[in-house]
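>>> What follows is a predicted structure for the sequence shown.
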Amino acid sequence: NSYVAVALCSFPAGGEAEMVLRPGEQLNVLSEDGEWWNVVSLATGKECSVPSSHVAKVWHRWLYEGVSREKAEELLLLPCNRSGSFLIRESQTRQGCYSLSVRRTNHSSWDSIKHYRINRLENGWLYIAPRLTFPSLQELVDYYSEIGDGLCCLLKEPCFIQGAVRVPAQNLAPPVVVKKSALNWQELDSSALFSEAPPPEGESPVSLGLREAISSYLFLTEELPPEKGEKGSLWKSA
């Protein structure tokens, strides 16, 4: 249930006063007093009171509360973000629905932001395309982090928050290296496969796991003799 607070605007805006907050900075909320919040920037350590409209609460690093379409575009187009950076924001017009905003690279022009509506079914499941539904936003994010499936690009990482550690949308396990077998099955002595006695360590070209797998297969495929009273058939006729 914990959240991260993020500055949405520069503060103070304009004038000759020293800039205390910049868009995208992570904030520590000291107190919430009506329309004014006391916050401290984790990027600079500066403390100030700001309008609550200048701050967004963020869950899971990508779910933003109270952020407009225009503000989402401003955050995602900051230099610290790149193609595949994304955020999900609560819909300001449709209760219970969300919008996914993704930054994409246009090689022939400037980067742009693509928006997708996330709809909710009566049973609570969510979808961008009706043929593909998800029980939660987290599962939706996990899926589109691995498969584009109609989106402009994969979801690579949440919109960067200055003062926070950059993390990918989903940490993938390293690829498994599969070694090509060096066995020559035509020259292999069958005793190495069917011997019940364990060979001296390091001398058998066949692993214990492979020998056990072959033994299990032969046992399961062996034809069992008919029970006494049966004449070669597994089923008795009346």
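Cool, got the structure. Numbering: from 1, shown residues only.

>>> Spell out the secondary structure type for residue 140.
Here residue 140 is helix, with the state taken from DSSP: H, G, I helix; E, B strand; the rest coil.

>>> Leaving out the residues flanking it, which one is nearest to it?
Spatial nearest neighbour of residue 140, excluding adjacent residues (CB to CB, 6 or more residues apart in numbering): residue 134 at 4.2 Å. Heads up, the C-betas are built off the backbone N, CA and C, glycines and all.

>>> mind listing the strands for this protein?
Counting by DSSP state E, residue ranges of the strands within the chain are 4-7, 26-33, 36-41, 47-51, 55-59, 63-65, 85-90, 98-104, 112-120, 126-127, 133-134, 157-158.

>>> can you tell me which residues contact the residue nearest to residue 140?
125, 126, 127, 140, 143 (CB atoms under 8 Å, 6 or more residues apart in numbering).

>>> List buried residues within these.
Among the contacts of residue 134, those classed as buried by 16 or more other CB atoms under 10 Å are 126, 140.

>>> Quick check: of the contacts of residue 134, which lies closest to residue 45?
Using CB to CB, residue 140 comes nearest to residue 45 of the contacts of residue 134, at 36.2 Å.

>>> quick one: contacts for the closest one?
Residue 140 makes contact with 118, 126, 128, 134, according to CB under 8 Å, 6+ apart.

>>> Ok, residue 129 next?
149, 150.

>>> mind redoing it with 10 Å?
Applying CB atoms under 10 Å, 6 or more residues apart in numbering to residue 129 gives the contacts 116, 119, 149, 150, 151.

>>> Could I get these in a markdown table, plus columns for neighbour count and pLDDT?
Converted to a markdown table, the contacts of residue 129 look like this (neighbours: other CB atoms under 10 Å; pLDDT from 0 to 100):
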| residue | neighbour count | pLDDT |
| --- | --- | --- |
| 116 | 18 | 96 |
| 119 | 17 | 94 |
| 149 | 12 | 90 |
| 150 | 11 | 91 |
| 151 | 18 | 94 |
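
>>> Many thanks, have a good one.
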